[in-house]
Structure formats: structure tokens, C-alpha cells
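1. Okay, here's the prediction I keep looking at, along with the sequence it came from:
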Amino acid sequence: MHRLHVLVAMDSHTIAQGARSVRDTLVKELALAELTDEVKVVETGSLGIYNKGVVLVIFPDNVYYANVTVLDVTEIISEHFKKGRVVDRLIYKQAPADQDIKVDELDPRFGKQQRVVLKNAGVIDPESIEEYIAHDGYEALGKALTEQKPDQVLAIVKDSGIQGRGGAFFPTGVKWGFTAKTQSDVKYIICNADEGEPGTFKDRLILEGDPHAIIEGMALSGYAVGASRGFIYIRGEYKMSIARMQRAIEQAREHGLLGNNIFDSDFDFDIEIREGAGAYVCGEETALIESIEGKRGEPRDKPPFPGVVGLWGKPTVVNNVETLANLPQILLNGAGWYKKLGIPDNPGTKVFTMVGNINNPGLIEVPMGITLREIIYDIGQGIPDGKGFLFAQLGGTTGGILTAKHLDLPLSVSSLREIGAGMGSGALLVVDDSQCVVDMVKNFVEFFNHESCGKCTLCREGTGRLLEILEKLSAGKGSVKDLSLIKELSETMMRGAFCGLGQAAPIPILGCLRYFEQEFIRHAKDKVCRAGVCHLETAAEIKAA
Amino acid sequence: MSDLSRVDKIVADYKEQKTPLIYILKDVQAEYGHLNDEVLTNVAKATNIPLSEVYGVATFYSLFTTEQKGKHIVRCCNNAPCHVKKSKDVLNKIKEYLGIEVGETTPDNVFTLEFTSCLGLCAVAPVMMIDDEVYGNLTPEKAVAILKDYKLKGVSNA
Ligand SMILES: Cc1cc2nc3c(=O)[nH]c(=O)nc-3n(C[C@H](O)[C@H](O)[C@H](O)COP(=O)(O)O)c2cc1C
């Protein structure tokens, strides 16, 4: 029996802050101190604490240490582990040892959160299938395979009203219905883990923190539509996600939860990982399918939709990681329970990633219908350094622009649609007033221009021309005429681009132009950048050059 | 020039997998460092896929390269979440320290500097990735200190 358990949050964020070397040092020094039999080091997923460096949790003492570096390890071992004296200077939170507290409760953002998808993230060891099982894991699948028919599972998912979390919010049950109906000897389930939308890392933390929930969700989906093979397409840059997922798949196979005759039923299902090779557009479902087929990831014409003609020409369900990770909970607790979370039009919770100029960045899961003000000022604890709020962009770089007048809008798909925005991937970028709007739009367009796959002229050339104009404007070489050119190009792309990339790219451009036109005009006409970000050449300098 | 027999072996490794071209290219690149014309011609022959298609795939994805790169690849993010946290300052300092522009390799072939698209580490922005390792909460000074570390390692390995 171990006397103490040390939880080290090992997700990509903490690793980027040195968690791996702290873990290694801890293990090494515990061995030197001959404490390996008494103190167990456990790796866990994200604890949801981001701006506090490497975080260690000591159970059963209920002590949270933050900003731990390798230099602190010796002291923690000699003082805390050996002598039972807590190292005060590293304490982030502490609670009485006899009180059973949940990890999330120490997160300052916990109050307004409601964890369904993230319920296990940071709570269980993502590399242990036993822990997932101990937290009701694979119970929904067991129940489905032994007590329910595929069409009953489909009916529950339909009834729950869950909508796709990849950004389009298409009802998942309806999507599955098309595939279930289509006769075919082979069908596929694809989990879209290509997550490339800037500011978005929700899928990454589910992949790293609770991989079995995704496997279970995929198996449930396979059972409902009659598919026996699944693929998880993970972007190549997500090394840790790939490793954790691979391990989870192997464990599930060893436990007979993937493979033939799962739960002694006649349902067979297995999953393979496919890695991306660096292309944002491959997140689009048909481009993703092309990529699995070993080709350039260029989008296909729709219809036919993948649900009918998908991977290698077979009916294929493509769902986002978060969508799939919701399913075990929905099947366990019922459609009615899920509908009660959130709002009638958009049931359930939504995982957001708060990034940019915000005090408390990170991943949160909240009920639909929450306001921007609650997210930014309550959960996110406001904007750093006393700066003001300029705008927020919701849904990634293709997302819409929200300004101060939208702070109290309850967020739903329809309320956002009315103002030309959307929930998208759930990335919430907060931009403070030290930033320049023209420079931000130039940054957005640099991204689109880089990620345009080149298949359709409007997107390929449109993003290129837009970038030229914005570079001109931010260098003080633009004119007011350029503003109408930006509008015209944007509107043409929206109408005519081949896929969602080119169609959505103009959304933030037009949004910024609508709300901050004066700032564009000042760059064009007066050669002044309010924020002092752009290096504008004065008329005299231009002439001299 | 180089020994291309290992291409056949890599292709044979994927016999069981349906449409494995991207995986083959990844392994071939890991073996040869890059995918130049000669290498791609051999992949095309070994897989029976037209060279135009193999070339098309190799040039589509940003993790593939058709040129020889430095020993370490430094990828800086300047997508919006990093941008508002002053990633440009970090990038400029790195450029100055290495004496190269984005897309270039240092004369000693130790570093290649590139952009990366969002790595999903935005809560600790600005970030960069060196080979497979990620670094967050960067300042210009911190970034240079990390690069110095790599440089020392590079010299001692040589
Ligand atoms: C340019 C572009 C990029 C996309 N990137 C992603 C992505 O990274 N992850 C994702 O799940 N969906 C992405 N989508 C949406 C997918 O096409 C698709 O709608 C989604 O995977 C369906 O799953 P869902 O119904 O569970 O949301 C993208 C769409 C477009 C147009």
C-alpha cells in the first residue's frame, strides 16, 4: 500500500512548462530516498489549472502545489513526504485531509462549470482502462449491446438532440440515421481529431485526458449505424494524443471491448489511428476522407454526403471528438437528462477554450446559454494589466466577432447566427485594446492564405489578394477605396468558395470591418494606428522611397 | 547517389494497410531526411502510384519537405492566440539570434526556422515546437536560452 499519491498533470500544456522533467526528477529522487514503496507518482490529464506552471496534487493530504520546478523536488520530498511538513511557499490550495474534494473544485473557474465530457479529465489516469471502468466506463456500451437494439440506441441519440461539436452543430442522430438506413456490406465510423482551428484544444485534452470515452462513443456509434470499423484521424502534431489513444485502443482490445463479439454479442468493432501530416483543411470531413485514402486533402463535392458515400466509397459517419465523448453519458443517463442541460435549441454543455488576453486561460465546460461576460469576467477572471476589452472572436479564426455590446447575449447557435457569428469550435479569443484591429485581420488572413488548399480559385486567389491589401493598409500605403475592395472580395468568397474554409474566412474580416470601420479608415486616410502596432509610413516617407 | 533500397522495404511494411501513401512518405522522410525527386521517383515505382500523384501528396502537407533541412526544426506559431501574446517579438528575436529568415537553414545546418499552424497550446501562448518538443509561455529571452541549449547539445553530439 502506498502512503501517499502524487498526481502530476501531464498534458501538453504542462509539458510545455516542464512537467516531464519535474516528473522524472520526482521519480528519480523518490528512488534515492527509498520512498518508492510509500509514495506513488501518478500521471493524470489536465487539471484545468493553466497559468500556474507545473501542478502537483498530494493525496490523501489534499495539498495542491503550483509552479513547481525541478529545484523544488528535493524540498517537497524531504519536508512533506518524509516529515509531513507542507511546503508553504508552493501551496496553491489546501483542504482538510478528511474531506473528500473533487479535483475540479479547486479550479477557480469551477463555479459556473458543469462537467459532462470532461468529467474524467484530470480525475482518472488516462493510461489506465481500469480507472475508466471504475468511473462507469464501458457501462453504456455494455448496456447497449446486451439490452438495446441498434435502432433503440439511435433513437436515444436522436431524442437527446445532441448536435455536432465540430462546429456545424448538425444533429448527430439525424446524421447517423442516413448511414443506418443505407444498405452496405461495409460502413465506417470516423472520429475527427484533426483539431486545427487556432485557439482550439478541447479535443486534444479529451484525447489526452479521457481516451476511452472516445473509443466507447465510437463503438456506440458503430453499433447504432451498423459499422464494424472505425478510424481516428489525429493531426500529426498531436504526438501525445496519438500515444495515449494508441495505448487506450490496445487496452480495450485486451479487455475484449474492441474486437469480435464484444460483451458476447454478435457486434464486432475495431479502431485504427490515422495520423495527419499537417494541413488545416483536412479537418473538413471530405478532405479528411481523401487524406485517409492517401491523397491530397482537398474537399469533395457534396452531395453525396459521407454518410452515404464516404471512405473508400462506403457509408461513413464522421463525428468530432467532443461529440463522441458525450455519447456514453447520454446513453447512461438518458436523453431527458441531456436535454435538461443547456437550452432547448442547444441541449447539453459546451467545451470552450479561453485564450488570448485573459487572466485565466484554459478549458472550461459550461451549459449552453451562458453569456460572454460570465465566461470572460467570472470564469476567465478578466483581462490582464488593467487593459480594456476590444473584441472577442468565437469559434476559431473563421469565427465571428463579438464586441462589448454582445457581452450579455446568452450564447446559443441561433442567438449567434442572428449577429453573423457562430459557436464554431468553441475557441474564445479575447483581444484587449492594446491590439490593432487591422493588424489582427491581417493575421487572420495570413492564416487563411497559408491554409487554403488551392483547389478553388476564389479561396486561393481571394486570400492572396486580401493579404496584399491588408499589408498595404498596415504599412500606410492603403487608401479608403481598399475597404470596399475588401468587402467585395469577402462577399464573393462567401458565396462562391468550394468549401467551408473559403466560405467562412470572410466572417471575421467583415465583422471587424463592420464594428471597427473607423480604425480601418484611420489607417487608410490618416496613416494612424491607434494601438501603435502597425508601422505606418507617412506620406513623405513613401514619396522619398 | 544515395542507397534507395530501403524505400522498397518501407513500402513492403505497409502491404496490409489500405491506401498507406502518407505513412510511407512519413517513414521514407524519417529515413532520408527529405523527399527529393530521386526519393519520390522510387516511392512511385515501389507503390505503383503515378509520380505526379506521389509528388502532389508530398507537397501538399506541411510536415513533408522536399529539401534537406537542419538538424533541428524550430517551428514558431503566430496564429491569432499567440499573436496577441506577442509571438512576433519572440520570432524576431529568434531570427536575430539565428541570423536567418523563416524558411531558411543556418549555415552550420543546425537549425531550420519555420512557421507552424496552431499547436493547440494556446493557454500557455506564445509557443514554439523544436522537433517533437513543445515550449510555452515564451519570452524573447527564454526562446534564445532554449535555442542555446540545443546548440550546445548539437555541438557535443557532433
Ligand atoms: C475548413 C474546415 C475545417 C474543419 N476542421 C474541423 C476539425 O478540425 N475538427 C472537426 O471536428 N471538424 C472540423 N470541421 C467540420 C467537419 O467538416 C465536420 O462537420 C465535423 O467533423 C462533423 O462532426 P460533428 O457532426 O460531430 O461536428 C471543419 C470544417 C471545415 C470547413
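-> Thanks, I have the structure now.
2. helix or strand right after the lengthiest helix in chain A?
-> Counting by DSSP state H, the longest helix found in chain A is helix A:457-474. If you walk from helix A:457-474 toward the C-terminus, the next helix or strand you reach (DSSP states H and E) is helix A:481-496.
3. which residues touch the next helix-or-strand element following that following helix?
-> Later in the chain than helix A:481-496, the nearest helix or strand by DSSP H and E is helix A:500-504. With CB atoms under 8 Å, 6 or more residues apart in numbering or on different chains as the test, helix A:500-504 has contacts from A:168, A:280-281, A:284, A:398, A:448, A:451-453, A:456, A:458-459, A:462-463, A:493-494, A:496-497. C-beta coordinates here come from the backbone N, C-alpha and C atoms, glycine included.
4. mean confidence for helix A:500-504?
-> Averaged over helix A:500-504, pLDDT sits at 96.
5. Tell me which residues of it come out buried.
-> Judged by neighbour count (16 or more other CB atoms under 10 Å in any protein chain shown), helix A:500-504 contains these buried residues: A:500, A:501, A:502, A:503, A:504.
6. what about chain A, any weak spots by pLDDT?
-> Scanning chain A for pLDDT under 70 picks out the ranges A:96-111, A:539-545.
7. mind giving me the domain split of it?
-> Per automatic domain parsing, the domain ranges recorded for chain A read A:4-106, A:129-338, A:346-432, A:437-540.
8. just the angle between the longest helix of chain A and helix A:481-496, please?
-> Note on geometry: by axes from the mean of the first three to the mean of the last three CA atoms, to 10 degrees, helix A:457-474 and helix A:481-496 are set 160 degrees apart in direction.
9. which secondary structure elements does the helix ranked longest in chain B contact?
-> Taking DSSP H as the criterion, chain B has its longest helix at helix B:140-157. Judged by 3 or more CB pairs under 8 Å, 6 or more residues apart in numbering or on different chains; DSSP states H and E, the packing partners of helix B:140-157 are strand B:72-77, helix B:87-98, strand B:128-130, strand B:133-135.
10. buried stuff in the worst-scoring helix or strand of chain B on mean pLDDT?
-> Across the helices and strands of chain B, mean pLDDT, DSSP states H and E gives its lowest value to helix B:140-157, namely a mean of 83. Buried residues in helix B:140-157, counting neighbours by 16+ other CB under 10 Å, are found at B:140, B:143, B:144, B:146, B:147, B:150, B:151, B:154.
11. and which of these is nearest the ligand?
-> Set against the ligand, the nearest of the buried residues of helix B:140-157 by CB to the nearest ligand atom is residue B:143 (27.7 Å).
12. so can I have JSON lines of the buried residues of helix B:140-157 showing distance to residue B:43?
-> Shown next, in JSON lines, are those (distance: CB to CB, whole Å):
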{"residue": "B:140", "distance to residue B:43": "41"}
{"residue": "B:143", "distance to residue B:43": "36"}
{"residue": "B:144", "distance to residue B:43": "39"}
{"residue": "B:146", "distance to residue B:43": "35"}
{"residue": "B:147", "distance to residue B:43": "34"}
{"residue": "B:150", "distance to residue B:43": "31"}
{"residue": "B:151", "distance to residue B:43": "34"}
{"residue": "B:154", "distance to residue B:43": "30"}
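13. picking up where we left off before, specify the angle between the least confident helix or strand of chain B and helix B:87-98 in degrees.
-> 40 degrees.
14. can you list contacts of helix B:140-157?
-> B:71-72, B:74, B:89-90, B:92-94, B:97-98, B:110-111, B:128, B:130, B:135.
15. re earlier: can you redo the domains of chain A as a markdown table with distance to residue B:9?
-> As requested, those are arranged in a markdown table below (distance: least, CB to CB, whole Å):
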| stretch | distance to residue B:9 |
| --- | --- |
| domain A:4-106 | 33 |
| domain A:129-338 | 19 |
| domain A:346-432 | 40 |
| domain A:437-540 | 32 |
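16. Is there contact, residue-wise, from the longest helix of chain A to the ligand?
-> No: judged by CB under 6 Å from any ligand atom, helix A:457-474 stays clear of the ligand, getting no closer than 9.9 Å.
17. for that helix, the distance to its chain's centre please.
-> Relative to the centre of its chain, helix A:457-474 is centred 28 Å away, using CA atoms, centre = their mean, to the nearest Å.
18. got the contact list for it?
-> Contacts for helix A:457-474 (CB under 8 Å, 6+ apart): A:436, A:438-439, A:441-442, A:445-446, A:448-449, A:452-454, A:478, A:482, A:485-486, A:489-490, A:492-493, A:496-499, A:501-502, A:505, A:509, A:520, A:523-524, A:529, A:534-536.
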